[in-house]
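**Q** Provided below are the primary sequence and the corresponding predicted coordinates.
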Amino acid sequence: MEDLFNPPVSSRVYVYPNVAAYEVLCLGNPQLVSLSGQIKHLPKLNLEKSNTINYSIASEFAFTTVAKKLVFTEQMIISFEQEEKNTWKKQNLDTNVINASIKYGIAAGKQIIDWLLKDNYIQVKAMERYVLQEKSSSWRPTAPEYMNALEPNWPYMRPLVMDSASQIKSIPNVVYSEKKNSECYKLSYDVYKTAKSLDTVQKTIALFWDCNPNISYSKGHITYFVHKISPGGHWIKIAGQACRNLNLDELKTAEIYALLTIGLYDAFLSCWSEKFRSHAIRPETYINRLIDPKWLPYIQTPPFPEYTSGHSVISNASSYILTRIIPQPYSYTDSSEMYIGIPPRSFKSFEDASEEAGISRFYGGIHFMPSVTNGAEQGKKVGKLVFESIKTRK
């Protein structure tokens, strides 16, 4: 949130520190299985096991070492590191063990950094910006900022579990048409009609799952921004609440974060591959062109193509993984949005939450229904692939 990372980039920021922390814990806890070899290009940590290392401390500093490489606001992480050091001193932990463990964690983090720097991010960010397609069916920038499409080259990033960003594809989108008796027009009118008659619950759902990291508002000559968590960040907060609510231990928590963030990362790759293969028009553009030139969606349209719904893909990938790694049944109250004044919402299950996350985009007026339903199936396939490809326990 502080650094305004967009959703795909955020997934990169989330995954590598969690992989680093997990891999260090594997060295000190033989019941865990290393991700090396399961993530084919991830090398084993070149560190000797030692009885003098506190692997909990080492894993934290592996996490923070990698995190500082990926963010701009390093000082926030440095402050956290200092708070942890003060806590360990108050607990009368051996100073030599603390220092050796910190050094060990930093060394592990540097090895993970060497690996992550080969993920094509630098090359992707240097590639050509998005070039608008000429077809009437193609995505166009929308109000209020009319930004160019975000991360059009993201599908060139190195996957973690998938063989390529296009391995898991959605079924083809509805054929574009401007005829009033066409399926495309009917779907657009459904968005228009629903958005004009939203009830209180539907509005609450749309806002609860908005998760737009950077929303701009203009009043007169002043433009200001509201920063929110990304869709991936929302699911990480959900996982964190579950770990605390169920009093899960350190190993289980690290396992959950590693699997979840790997799923988020590959799910964004899969989704962005579809977005920039189909270049689909947003409801706002279609409706303004053919139904109502003054219509605006309830939430702001994000700046990238419509098909498939990112929230549908990553929410269903996340719920698939969390349902299988967190003890069930599990119902919960999600308070992730209280920091911006949105009340908590209760869910019977992770699947219940992922379904609501998907439909929220339809209520918000930023997605057609096939993008929601087909995106959900796409996400489940990614979640299934990640969960079945990675073994975390012997």
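**A** Nice, I can see it. Residues are numbered from 1 along each chain as shown.
**Q** going on from the longest helix seen in the chain, what's the next piece of helix or strand?
**A** Counting by DSSP state H, the longest helix found in the chain is helix 250-278. Downstream of helix 250-278, the first helix or strand assigned by DSSP states H and E is helix 283-290.
**Q** name the residues of that following helix that are buried.
**A** For helix 283-290, the neighbour count (16 or more other C-beta atoms under 10 Å) marks 283-288, 290 as buried. In this view, the C-beta of every residue, glycine as well, is placed from N, C-alpha and C.
**Q** nearest to Glu377 among the residues you listed?
**A** Pro283 (20.5 Å; C-beta to C-beta).
**Q** please verify my assumption that that closest one contacts Met369.
**A** No. With contact defined as C-beta atoms under 8 Å, Pro283 does not reach Met369; the gap is 10.2 Å.
**Q** quick check: neighbours shared by the two?
**A** Both Pro283 and Met369 are contacted by Val191, under the criterion C-beta atoms under 8 Å, 6 or more residues apart in numbering.
**Q** how about low-confidence regions in the stretch 151-300 of the chain?
**A** 213-227 (pLDDT under 70).
**Q** any idea which residue sits dead centre in the chain?
**A** Nearest residue to the geometric centre of the chain (C-alpha atoms, centre = their mean): Gly232, 2.4 Å.
**Q** the closest residue to that residue other than its chain neighbours: neighbour count?
**A** With sequence-adjacent residues excluded and distances taken as C-beta to C-beta, 6 or more residues apart in numbering, Gly232 is closest to Leu264, at 4.5 Å. By the criterion of other C-beta atoms under 10 Å, Leu264 has 32 neighbours.
**Q** what about Leu264, distance to Met369?
**A** Note on Leu264: its distance to Met369, by C-beta to C-beta, to the nearest Å, is 24 Å.
**Q** where exactly do the helices run in the chain?
**A** 7-28, 55-70, 74-90, 95-116, 121-126, 183-196, 200-208, 231-245, 250-278, 283-290, 310-325, 350-363, 369-389.
**Q** possible to save the ones you listed as TSV with distance to Asn46?
**A** Below are these laid out as TSV (distance: least, C-beta to C-beta, whole Å):
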stretch	distance to Asn46
helix 7-28	11
helix 55-70	13
helix 74-90	23
helix 95-116	6
helix 121-126	23
helix 183-196	53
helix 200-208	45
helix 231-245	29
helix 250-278	20
helix 283-290	51
helix 310-325	28
helix 350-363	37
helix 369-389	24
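**Q** out of those, the one nearest Ile299 is which?
**A** helix 200-208 (5.5 Å).
**Q** what helices or strands is that closest one leaning on?
**A** strand 345-347, helix 350-363 (3 or more C-beta pairs under 8 Å, 6 or more residues apart in numbering; DSSP states H and E).
**Q** out of those, which is closest to Leu322?
**A** helix 350-363 (4.7 Å).
**Q** contact partners of the closest one?
**A** Against helix 350-363 from outside (C-beta under 8 Å, 6+ apart): 191, 194-195, 198, 202-203, 205-206, 208-210, 231, 234, 238, 298, 309, 311-312, 315-316, 318-319, 322-323, 326, 330, 334, 345, 347, 367-369, 371-373, 375-376, 379.
**Q** what residues sit buried inside it?
**A** Buried, per 16+ other C-beta under 10 Å, within helix 350-363: 350-351, 353-363.
**Q** now it: mean pLDDT?
**A** Mean pLDDT, helix 350-363: 98.
**Q** distance between it and the chain's centre?
**A** A distance of 15 Å separates the centroid of the chain from that of helix 350-363, by C-alpha atoms, centre = their mean, to the nearest Å.
**Q** and stretch 9-23, by the same measure?
**A** The answer for stretch 9-23 is 11 Å, by C-alpha atoms, centre = their mean.
**Q** ditto for stretch 112-130
**A** 18 Å.
**Q** which residues touch it?
**A** 12, 16, 19-20, 23, 41-43, 45, 62, 65-66, 69-70, 148-149, 151-154, 156-158, 276.
**Q** and if we set it to 7 Å?
**A** Under the contact criterion C-beta atoms under 7 Å, 6 or more residues apart in numbering, stretch 112-130 has outside partners 12, 16, 19-20, 42-43, 62, 66, 69, 148-149, 152-154, 156-158.
**Q** now, of those residues, which are buried?
**A** Of the contacts of stretch 112-130, these count as buried by 16+ other C-beta under 10 Å: 12, 16, 19-20, 42, 62, 66, 69, 149, 152-154, 156-158.
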